[in-house]
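Chemist: coordinates only, sequence not included:
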Ligand code: 1HE
């Protein structure tokens, strides 16, 4: 499939997807969001994890402000719902996504980053929600996904005051879970995606589709859903094989780092 603002390449079981509109700091036009939708709807066979990164000096400058036209309230709602549909398709799609963040990760760019299942930040990344300063509100899912990572109070601070978080602050608060030097993010993202692609499919499915839902449930329903997910995952032949491998000394031990 040919895209104008995305570039996709496959390396074995890994797909590497580049936001490729660097002259506009990878700002998300409607056309680009439609391309993301089409991309995730038709990932090539054999792709088991995707690494998402941005071309140029920034991951993504958010909504393409040049398109923020004179929308009515109803049109604004429809536009936001369109982003929600596409971003939900990525979050609850077929394969885990590792986002590699550098430079500006702002507005809709942060919303897109939060859709990913894992975030690797380069130490030059910075995070903001400039919607507050632009006189608008987030519309790409930030008010649902950002508080789940860093809490509603921190998100409100970002929007009330225009506060910009550094990569180190993003790491400490939970926006990213890996922090690497500038230029090292893609290699780290690919390394992590390879590990993810190597997991049993039942494990990745449960992590993508069951865990975020369980985390929203009360204890009773959550524990029941966990039992259902656990029962299904352990019944898969791939799980049985891996457990047998360990018991017969072929499986890797858990090792202390370093
Ligand atoms: C853009 C956009 C954009 C850059 N839409 N064109 N997002 C924002 O409010 C962030 C706005 N952008 C910035 O603050 C800065 O551009 C950056 C910090 C991201 C990058 O700075 P820098 O110095 O590297 O680049 P630049 O010179 O500001 O921008 C280069 C070009 O990209 C320039 O166009 P040119 O034709 O003059 O070369 C900019 O106009 C263009 N550009 N960002 C359109 N966002 C579903 S709701 C989501 C709501 C939001 O995301 S609101 C937050 C929007």
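Modeler: Structure received. Model, not experiment: these values are computed from the prediction. Numbers count the residues shown, from 1 in each chain.
Chemist: and residue 216, how many neighbours?
Modeler: 9 (other C-beta atoms under 10 Å). In this view, the C-beta of every residue, glycine as well, is placed from N, C-alpha and C.
Chemist: any idea how far residue 165 is from it?
Modeler: Computed with C-beta to C-beta, to the nearest Å, the distance linking residue 216 and residue 165 is 25 Å.
Chemist: where along the chain do the helices fall?
Modeler: Assigned helices in the chain, in chain order: 30-41, 73-91, 108-115, 131-134, 142-150, 152-161, 167-173, 185-197, 201-205, 211-214, 219-235, 237-247 (criterion: DSSP state H).
Chemist: hang on, residue 103 packs against residue 61?
Modeler: No. Judged on C-beta atoms under 8 Å, residue 103 makes no contact with residue 61 at a distance of 9.0 Å.
Chemist: near the ligand, which residues of this protein?
Modeler: 24-25, 27, 57-58, 61-66, 80, 83, 104, 106-108, 130-131, 134, 138-140 (C-beta under 6 Å from any ligand atom).
Chemist: try it again with 8 Å
Modeler: 23-25, 27-28, 57-58, 61-68, 79-80, 83, 103-104, 106-109, 111, 128-131, 133-134, 136-140, 142 (C-beta under 8 Å from any ligand atom).
Chemist: mark which of those residues are buried, thanks.
Modeler: The neighbour-count criterion (16 or more other C-beta atoms under 10 Å) marks 24-25, 27-28, 58, 61-64, 79-80, 83, 103-104, 106-109, 111, 128-131, 138-140, 142 among these as buried.
Chemist: coming back round to it: okay, and which of the residues of the chain next to the ligand map to strands?
Modeler: 104, 106, 128 (DSSP state E).
Chemist: quick check: buried residues in stretch 180-193?
Modeler: So for stretch 180-193, counting by 16+ other C-beta under 10 Å, buried means 180, 184, 185, 186, 188, 189, 190, 192, 193.
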